[in-house]
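[1] quick one: sequence plus predicted model below, questions after.
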Amino acid sequence: MFLDVCVKFSLPKIATAPFCPPEVAGSVAVDPTASFFKRVLRFAGPGLLVSIGYMDPGNWATAIEAGSRFGYSLLFVVLLASLAGMVVQCLCSRLGIATGRDLAQLSRERYSTPTARLQWLLAEISIIATDLAEVLGCALAFHLLLGCSLTFGIALTAFDTLLVLALQNRGFRRLEAIMLVLVATIGVCFFVELLLIKPYWPDVALGFKPSLSAISDAAPLYLAIGILGATVMPHNLYLHTSIVQTRMIGKDLASKQDAVKLARIDTIGSLALALLVNAAILILAAAAFHQSGHTDVVDIQDAYHLLDPLVGGALASVLFGVALLASGQSSTFTGTIAGQVIMEGYLNLRIPCWQRRLITRGLALIPAFIGVWLMGDNAIGKLLVLSQVVLSLQLPFALFPLIRMTNDKRLMGPFVNRWPTRVLAWGLFVVISGANSWLILQWAV
């Protein structure tokens, strides 16, 4: 499967006819004569893979702390951050469809070699930071579910490369199906947990109403910025511009316009699912911990252990652990593809995906082992925060060229951003970059 995916998403070189046969490896044919509903189903998938980055273990810590300390009051931040992510990812899909190239390829072509190499280096660091969060999430899930030590849990995560080898040559659509199962697992686990905990839904609804007073103090503002800063992942920008090209469409204007519309539906629908998951994590923490007076729950491990006595049974905590494992494992797959896209785009270097997986996971295991060895169980929360800070450092270097390129009429042609989109995109860039910079300063101090 992964080797099929890594045969470079060469759609622009293949899709020279209005409709291409479905036998092309690593791609999904979209018949323009099919009904709108069938075209939507055929186009669905890239947005789902991108949405996984919006609910990875790195997002759990901020949502759990926000819910336990401030109840439902920061739910509107989760909503606004997800809406911002939808805007950014729609720009990514439009860039990939309009140009037939991904963000890494275009950056290599349009910037000087030193600048492009710096962008590549920062992108690679972001991939390692993302994988570090996945290692920690999966290791903690193994620790909680199996009772093994965190060190042994980290060692277990080294063997997910065997999954990559076992799932070779299965096709890109099979990968998307596996991701759908993992995302559905996360969603079902939290749905059942909310049924067990029974939050007061009128208060939940009020939490989605924007309120400046809710973030007027430093502590909730810090968490609000943390939620925003951990939402848009830099590797997702590269990933989306590439995998959207696995949908085989014609090169004529009408086909591309239809593809942009279908990609927008796929992106918004998929990130809406991610919004529900992230909101569910915060609602779970608010209902289980804040309402019972446990306002100091800030670690994933603390949340797991407190669910049993508060809910009155072991099911809620087990579901929590299973969801955490599914979150970490699904992010592992998409991180591998994103790393391949970045390496091929910036360096024009192609290696098998299992080798890429070994390199990335090996580099992520080093800080994970060192952190647990030096700090023990307390390392998980601190390393998760560190991984988010590293990601926030790289984000402007990916977001800035994305916005500039989609604003370039010579590159985008009729798909160039209109002025309302430009204003919105640059506004989001300022807010997101400012939020991440503030987080970095707070973390450094």
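    That came through, no problem.

[2] which residue ranges form the strands in the stretch 301-445 of the chain?
    Counting by DSSP state E, counting those that start in this stretch, the stretch 301-445 of the chain has no strands to list.

[3] where in it is pLDDT low?
    Within the stretch 301-445 of the chain, the stretches with pLDDT under 70 are 308-314, 353-354, 357, 377-379, 385, 439-440, 442-445.

[4] ok, now with 80
    Of all residues in the stretch 301-445 of the chain, those with pLDDT under 80 make up the ranges 301-316, 329-336, 349-368, 371-393, 435-445.

[5] nearest residue to the middle of the chain?
    For the chain, G53 is the residue whose C-alpha lies nearest the centre (CA atoms, centre = their mean; 1.1 Å).

[6] report the contact partners of that residue.
    T130, M233, H235, N236, L239, S331, T334 (CB atoms under 8 Å, 6 or more residues apart in numbering). To be clear about C-beta, it is placed using only N, CA and C from the backbone, and glycine gets the same treatment.

[7] A155: neighbour count?
    16 (other CB atoms under 10 Å).

[8] which helices and strands sit right next to the helix or strand hosting it?
    Here A155 is covered by helix 150-157, with elements defined by DSSP states H and E. Packing partners of helix 150-157 (3 or more CB pairs under 8 Å, 6 or more residues apart in numbering; DSSP states H and E): helix 113-146, helix 353-375.

[9] buried set for that helix?
    Within helix 150-157, the residues scored as buried using 16 or more other CB atoms under 10 Å are L150, G153, I154, A155, L156, T157.

[10] show me which of these is closest to I403.
    In terms of CB to CB, no member of those lies closer to I403 than T157, at 34.9 Å.

[11] A133 is in contact with that closest one, correct?
    No. Taking CB atoms under 8 Å as the definition, T157 is not a contact partner of A133, at 11.4 Å.

[12] and for those two, which residues touch both?
    G328.

[13] just list what the lengthiest helix in the chain packs against, helices and strands only.
    The longest helix of the chain (DSSP state H) is helix 253-288. If you count contacts as 3+ CB pairs under 8 Å, 6+ apart, helix 253-288 packs onto helix 36-43, helix 46-51, helix 57-70, helix 75-99, helix 172-197, strand 247-248, helix 300-311.

[14] circling back to that earlier point, and the contacts of G53, which is closest to Y346?
    The nearest member of these to Y346, counting by CB to CB, is H235 at 12.8 Å.

[15] give the contact list for that closest one.
    For H235, the contact set (CB under 8 Å, 6+ apart) comprises G53, A123, S126, I127, T130, G335, A338, G339, I342.

[16] that older thread, and the pLDDT for the residue nearest to the centre of the chain?
    What the model reports for G53 is a pLDDT of 81.

[17] now it: how far from T115?
    Counting by CB to CB, to the nearest Å, the gap from G53 to T115 is 25 Å.

[18] what of S327?
    Taking CB to CB, one finds S327 at 34 Å from T115.

[19] these two: which is more packed in?
    S327 (29 against 14).

[20] how much space between the more buried one and L221?
    26 Å.

[21] returning to what we had before: can you add mean neighbour count and distance to R404 and give the helices and strands packed on helix 253-288 back as CSV?
    Shown next, in CSV, are these (neighbours: other CB atoms under 10 Å; distance: least, CB to CB, whole Å):
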stretch, mean neighbour count, distance to R404
helix 36-43, 16, 27
helix 46-51, 27, 21
helix 57-70, 27, 27
helix 75-99, 23, 11
helix 172-197, 18, 29
strand 247-248, 25, 25
helix 300-311, 18, 37
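
[22] looking at those, which is nearest to L262?
    helix 36-43 (3.9 Å).

[23] and for I265, nearest residue in space, chain neighbours not counted?
    With sequence-adjacent residues excluded and distances taken as CB to CB, 6 or more residues apart in numbering, I265 is closest to V40, at 5.8 Å.

[24] ditto for L284
    The shortest distance from L284 to any non-neighbouring residue, by CB to CB, 6+ apart, is to E193 (5.7 Å).

[25] so what's the one you found up against?
    Neighbour list for E193: A280, L284, L307, A316, L319, F320 [criterion: CB under 8 Å, 6+ apart].

[26] many thanks, I have nothing further to ask.
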